[in-house]
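[1] sequence unknown, structure follows:
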């Protein structure tokens, strides 16, 4: 408040009255105070002193959809670590609405959250990046903490970075070793950095082995079970399927498995199927799913640990999370 008052050339009391509406203030003074508050990124009740002294014990977690087992597992890791520090976690799902994500960050700023964790994929969208940075920059300047999970191209914040590209490349090499040479990929929206990295890693490993991945064999769908189901049906409508299908996330693979069965195809006898993430559900499928395992609970624990780590540093920190190929019964040697 003192900083806003100084920038507007008024007393702290006048600045408070102008912002809170507790008493009448001349319109000219009120305009100066509001302009200074906007320039400084000040939000009423989100005082820098409260953030810096960590008097608020709330941590905000923003994900795409908490019903997705991937995000649920990461959020669980956050919550366990938060409980150890007697912190309260506020969890919000954006349902992949970019505007809602920006709005939630603004709301958490106003609630004086001690830290904000973004555990959804980054988005290749400069407008979204600028809007998000406009909310996060004044929050961090005031003492707030931020950490993200997955690659966010331009955000200068602490990052938990799963090895999506390397993991997908390792999976491709494992499937090539089984003898597969005909592949298809069920991919999510291209603007998601997680999708881009996993597709790029898989494609690069195939190319290094001299195996093509035709553009028609990359089928896009929603990053959900139903999206995987629809993408698999679209692939099968093209004609005889390849010997192996890679879904860039396990939940898409679950939908693809249902679609293959609906069309009378056996996994892995007719088509091998692989996913990515190793959510708990895929071990219970029939057959169990080949996938690339990420330590999801650990990723959540690492995100909150990075955000709250002392001492604070001017440079952002990155913790890389290795990915491990897990071969299960959904993949085998091709029979044709």
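    Arrived safely, thanks for sending. The model shown is predicted, which means the values in this text are computed figures rather than measured ones.
[2] ok, residues contacting stretch 150-164?
    Taking contacts as C-beta atoms under 8 Å, 6 or more residues apart in numbering, the residues outside stretch 150-164 that touch it are 118-122, 124, 126, 129, 132-133, 136, 140, 145-149, 193-194, 197-198, 201, 276, 294, 299, 302-303, 306-307, 309, 316-323. No exception for glycine: its C-beta is placed from N, CA and C like everyone else's.
[3] going through these, which ones are buried?
    Those of the contacts of stretch 150-164 that meet the buried threshold are 118-122, 124, 129, 132-133, 136, 140, 145-149, 193-194, 197-198, 201, 276, 294, 299, 302-303, 306-307, 319, 321, 323, by 16 or more other C-beta atoms under 10 Å.
[4] of those, which belong to strands?
    In this view, the buried ones among the contacts of stretch 150-164 that belong to strands under DSSP state E are 118, 145-149, 319, 321.
[5] between those, which is nearest residue 272?
    residue 321 (26.0 Å; C-beta to C-beta).
[6] name whatever forms a beta bridge with that closest one.
    Beta bridges link residue 321 to residue 162, judged by DSSP bridges.
[7] from residue 136, how far out is the residue nearest to residue 199 when sequence neighbours are not counted?
    The shortest distance from residue 199 to any residue that is not its chain neighbour, by C-beta to C-beta, 6 or more residues apart in numbering, is 5.3 Å, and that residue is residue 187. Using C-beta to C-beta, to the nearest Å, we find residue 187 at a distance of 29 Å from residue 136.
[8] from memory residue 32 sits against residue 5, does it?
    No - with the criterion set as C-beta atoms under 8 Å, residue 32 and residue 5 do not qualify as a contacting pair; they are 9.9 Å apart.
[9] which stretches of the protein have low pLDDT?
    Under the criterion pLDDT under 70, the flagged ranges of the chain are 21-23, 44-55, 314, 336.
[10] so who does the residue nearest the centre of it touch?
    When the chain is reduced to its mean C-alpha position, the closest residue under C-alpha atoms, centre = their mean turns out to be residue 120, at 1.7 Å. Residues in contact with residue 120, defined by C-beta under 8 Å, 6+ apart, are 62-64, 71, 94, 96, 101, 149-150.
[11] try 10 Å
    Applying C-beta atoms under 10 Å, 6 or more residues apart in numbering, one finds that residue 120 lies in contact with 62-65, 68, 70-71, 74, 93-94, 96, 101, 148-150, 152, 192, 194, 223.
[12] so which of the residues you listed are in helices?
    Secondary structure assignment (DSSP state H) places 70-71, 74, 101, 194 from those within helices.
[13] returning to that earlier point: could you dump the ones in strands among the buried ones among the contacts of stretch 150-164 to CSV with distance to residue 208?
    CSV is the format used below for these (distance: C-beta to C-beta, whole Å):
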residue, distance to residue 208
118, 33
145, 40
146, 37
147, 34
148, 30
149, 28
319, 28
321, 24
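[14] residue 39: which of those is nearest?
    Nearest to residue 39 among these, with distances taken as C-beta to C-beta, is residue 146, at 20.9 Å.
[15] that closest one contacts residue 312, doesn't it?
    No - applying C-beta atoms under 10 Å, one finds residue 146 not in contact with residue 312, separated by 11.4 Å.
[16] spell out which residues are contacts of both of these two.
    Each of 140, 158 lies in contact with both residue 146 and residue 312 under the rule C-beta under 10 Å, 6+ apart.
[17] ok, and the closest non-adjacent residue to residue 170?
    Using C-beta to C-beta, 6+ apart, the nearest residue to residue 170 is residue 325, at 5.0 Å.
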